[in-house]
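Participant: This is the structure alone, sequence omitted:
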């Protein structure tokens with residue numbers, strides 16, 4: 001499991017959400033990882049350790065952020 005979680009990553013979780021979807025998009029990174037269900041748009045905060053155990057596989061990695069402003073010359 002990659003430990004470099006980025007905003008925009010899409011992951012498949014081990015347990016299915018009550019709405020029937022098991023795919024989630026990362027929207028927040030910190031001590032807690034914020035994920036949003038792609039089925040019903042519900043948002044959940046998980047401690048990083050719990051998130052890493054709950055992920056079954058990475059479906060889509062977001063483009064790496066380099067910290068530079070894309071619009072600046």
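Facilitator: Happy to help now that I have it. Nothing here was measured: the structure is a model prediction, and the numbers come from that model.
Participant: contacts and neighbour counts: CA atoms only from here.
Facilitator: Will do.
Participant: Just list whatever residues bridge to the residue lying closest to residue 23 once chain neighbours are set aside.
Facilitator: Leaving aside its chain neighbours, residue 23 sits nearest to residue 12 (4.6 Å; criterion: Cα to Cα, 6 or more residues apart in numbering). Legend: beta-bridge partners of residue 12 under DSSP bridges are residue 23, residue 57.
Participant: per-residue confidence at residue 12?
Facilitator: Residue 12 is assigned 94 on the pLDDT scale.
Participant: tally of neighbours for it?
Facilitator: 18 (other Cα atoms under 10 Å).
Participant: same thing with residue 4?
Facilitator: Neighbourhood size, residue 4 [other Cα under 10 Å]: 7.
Participant: Out of the helices and strands in the protein, which is least certain?
Facilitator: The weakest-scoring helix or strand in the chain, judged by mean pLDDT, DSSP states H and E, is strand 55-60 (a mean of 88).
Participant: Quick check: buried residues in it?
Facilitator: Buried residues in strand 55-60, defined by neighbour count with 16 or more other Cα atoms under 10 Å: residue 55.
Participant: distance of residue 53 from residue 29?
Facilitator: Relative to residue 29, residue 53 is positioned 16 Å away (Cα to Cα, to the nearest Å).
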